[in-house]
Each structure stands twice: as structure tokens, then as C-alpha cells.
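Student: structure for this input, please:
(one chain, ligands or ions: 2)
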Amino acid sequence: MTDGHAGREDGRARGGGAGRAAGGDILGRRSGDPHRRFNPLTNEWVLVSSGRTRRPWLGRSDLVPPSRTPAYDPKCYLCPGNARASGTRNPAYQGTFVFENDFAALRPDTPAWTIEDGLLRAASERGTCRVICFSPRHDLHLGSMSPPDVRTVVDVWADQTTELGREFDWVQIFENRGEMMGASNPHPHGQIWAAQSLPREASREDASQRTHFETTGRRLLLDYADQEQAGVRVVDDLDGWLVVVPFWAVWPFETMVIPRRPVSRLAELADGERDALAGGLVRLLGRYDRLFRRPFPYSMGWHQAPFGDRSVEHWQLHAHFYPPLLRATVRKFMVGYELLSETQRDITAESAAELLRSVAVSRAPLSSPAGR
Ligand code: H2U
Ligand code: ZN
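Tutor: Ligands and ions are numbered 1, 2, ... in the order given. Just a heads-up that it's a prediction; the model follows:
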């Protein structure tokens, strides 16, 4: 992927037509008024109050000093050859490495039971949890790995999903990056949790995508991608993938990554699509790291069609990136009104996308990793 957008004028100009203009800034000046936007994937509203902060940062952010993270850390439980908390020793792996989580939240051998007593309901849940090391190098992350190495991670995500989908209905691939998001270790790694039941987000997205498909015969997220194309919220739109700050984004620099053709799961992606995705992810993470010139924390994950005995033609594969930072040193908290009433954001999705587009993307990592 290459830079798709020079800036806001580009999107404004193309989206400025009458009617349902593709990707146009449909709110115009009204986006300065407090308003609510609808998330058709989850059927929720978000309150947008852009007047509270016209600019996402109030001064210059300081460059985070180059990290002194070593390429190998003898105390890291994810580095090749090291012992984990369980006492098991990691192999001397050279690429990616997947293992069963030693502190799994879900286990495959949990017995089946349900209990109902009036309003009190509970059911046991079967599943499994795995950890994926993206690289043997302790000092890298997805954004500083080479696109071919990220491509091998995409393949592992796809293969793990297929394997776990034979036994469990929901396979959740995710990554928590940075201490702020609860990552326990800087070594580049993600997780996979597979569960027997559809969890909250999966059920909501399943229901709304199904309804949209039943009423229109089209996939909700492909219709959405068409509507956003070349518009003000697009961060990158090339090689079959759309990277967009969703109209209904909650987190300041939230993005979605959506394939532009019907794809329900990662395993359906063709060779070229996987390569393009790997390159696109490196570009997106490069933008994130350069935005405030610091390693950008986030939780990301893939939503793919559930498995089991259900139709999935309404399901479109997509990734969500949820980064908490509003400014270099200020994070957004989901507290108060958000916990008790409704989520709220200060900067508009359009300004967030404009800022992300304006960050020059180059292949060089933020801080040059120590060589091995
Ligand atoms: P997070 O950094 O996103 O927490 O992921 C690390 C996971 O690794 C975490 O779920 C597991 C933790 O349970 N883990 C092991 O399986 N073995 C260990 O020796 C330490 C951590
Ligand atoms: Zn390590």
C-alpha cells in the first residue's frame, strides 16, 4: 500500500456531491454541535462533542527516547529457549511460536452445566486460550517487523482460526500492546481465545449483519466500505483493503481494517491479499507510532464468521484497533457518563482520520532495534 490521501481537501472534494455522496462529510459544520452517531454493527449510539477539544494535542509531544530493549532478554518468558511460569521451556523458535496459555481463562475439559433459579442464570463455558509470539526478537513489534514476517503472523492467525473452529464456535484473535493496555511483556505477542458460545460483541455483530443481509442481500460492512470509499474518514484504501476511522468510532484514533471483497474469515484470504494486509498493518502501525512519536498502545483483534451450525454469508471479516490515547500523554478513560449512560468522544472521526493520514509513513521503525 502507498499513501492514499494527501489530506482533507482530497476527501472533501470527492465527497462533496449531492445525495448519498461516497465518504462525504455528511455532517459538515453540524459536526461541531454535540450529536450522537449510530453504530450499525453493534446497534449502539456514541455521543460526539467535538467542541470540547478542537485539537487533539495542546503542545508538542516529546520524542520517546529510543528504547534500549535488547533483542533477547534472558528474563522474558516469551523469548526462545526461556522457561515460562509453568516451568515449560520455549523451543529455540525462529519465526512465530504458539503455545497454550499457562493461565488460561477457558479450558477444553470444563464439564457442561446450566443453572437457572429465577433471575439467577449461569452456564459453564468450554474453550481454550493460546499465546502467539509474533517474532523471536524481543525488541520488535508488528509495526517494526518486515511485511514478509508480518505475513507469517497473518498465516498463523488464519490457521489457528481454522483449527480451533473445528471445536469451538467463536475464535477471537487479539493483541494488547503496551502496558497501558495491560500487556504483561514487551515481547511481540498476541492471544487467541476460543469459546463455545458467541460472546457479547460477536452476537451483536452477528445479529446486525444478518438483519442487513436479509433486508438488502448485501453485507453490511461491504456497503459501509463503499460508502466510505475515498472519503474523509479513510486512512488507507488500496490493494483490496480499506483502513477507516469508523463514522461511529468511540476511541480517539480507533480504526477498522476491512477487505473490499466478500471474505468471512482470514483463511479465505488469497496469497496477494495476505501480503497486502501485512504491508497495510505495518503502515497503519507506523502511522500510530508516529502520530505522537511514541510506541502507540492499543487493543486490536479480528472479527470473523463464527463456526458451528449457522449460516455465515452475512459475515464480513474485519479488524478493530482500539487505541486509548487522545494525546501523547493523555489517555481516554471509559468512566462516568460512558459507564453509566453512553460512550462519548471529543475529537471527530473525521479529524482523527485526517491526522492519521497526515503522518508520513516510511518503512524505518520508530526507534532502530538493536541488532542481533
Ligand atoms: P498479555 O501480555 O496480553 O497479558 O498476554 C500474555 C499472556 O501470556 C497472558 O495471558 C500468558 C498470560 O496468561 N503467560 C503464559 O501463558 N505463561 C507465562 O509464563 C507467563 C504469561
Ligand atoms: Zn522476549
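
Student: strands of the stretch 201-350 of the chain, residue ranges please.
Tutor: With DSSP state E, counting those that start in this stretch as the criterion, the stretch 201-350 of the chain has strands at 234-238, 241-244, 255-259, 298-303, 318-322, 325-327, 330-331, 343-345.

Student: out of the ones you listed, flag the one nearest residue 127.
Tutor: strand 298-303 (15.4 Å; CB to CB). For the C-beta atoms, the positions are set from N, CA and C on the backbone; glycine is no exception.

Student: quick check: angle from the closest one to strand 318-322?
Tutor: 160 degrees (axes from the mean of the first three to the mean of the last three CA atoms, to 10 degrees).

Student: partners of strand 298-303, with directions?
Tutor: Looking at strand 298-303 with DSSP bridges, its partner strands are strand 170-177 (antiparallel), strand 318-322 (antiparallel).

Student: I'd like those as CSV, with mean pLDDT appended.
Tutor: As requested, the strands paired with strand 298-303 are arranged in CSV below (pLDDT from 0 to 100):
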stretch, mean pLDDT
strand 170-177, 97
strand 318-322, 98
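
Student: related to what we said a few turns ago, can you tell which of the strands of the stretch 201-350 of the chain is closest to residue 142?
Tutor: strand 298-303 (8.7 Å).

Student: just to revisit the earlier point, can you lay out the strands of the stretch 201-350 of the chain as CSV showing distance to residue 78 and mean neighbour count?
Tutor: Shown next, in CSV, are the strands of the stretch 201-350 of the chain (distance: least, CB to CB, whole Å; neighbours: other CB atoms under 10 Å):
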stretch, distance to residue 78, mean neighbour count
strand 234-238, 30, 22
strand 241-244, 28, 25
strand 255-259, 25, 24
strand 298-303, 18, 22
strand 318-322, 22, 22
strand 325-327, 25, 21
strand 330-331, 25, 14
strand 343-345, 33, 20
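
Student: closest one to residue 98 among those?
Tutor: Ranking the strands of the stretch 201-350 of the chain by proximity to residue 98 (CB to CB) places strand 298-303 first, at 15.4 Å.

Student: the inter-axis angle of the closest one versus strand 255-259?
Tutor: Angle of strand 298-303 versus strand 255-259, following the same axes, to 10 degrees, is 30 degrees.

Student: so what touches strand 298-303?
Tutor: 157, 161, 172-178, 181, 201-202, 205, 266, 288, 317-324 (CB atoms under 8 Å, 6 or more residues apart in numbering).

Student: figure out which of the strands of the stretch 201-350 of the chain is closest to residue 111.
Tutor: Nearest of those to residue 111, taken as CB to CB: strand 298-303 at 28.5 Å.

Student: wait, does that closest one contact ligand 1?
Tutor: No: residues of strand 298-303 are not located near ligand 1 by CB under 6 Å from any ligand atom, the shortest gap being 8.8 Å.

Student: just the CA coordinates for that strand, please, in PDB.
Tutor: The C-alpha trace of strand 298-303 is given here as PDB (Å, rounded to 0.1, in the frame of the first residue of the first chain):
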ATOM      1  CA  TYR A 298      -3.800  -0.400  21.600                       C
ATOM      2  CA  SER A 299      -6.000  -3.500  21.700                       C
ATOM      3  CA  MET A 300      -6.700  -5.000  18.300                       C
ATOM      4  CA  GLY A 301      -8.500  -8.000  17.200                       C
ATOM      5  CA  TRP A 302     -10.200  -9.800  14.300                       C
ATOM      6  CA  HIS A 303     -13.900 -10.500  14.000                       C
END
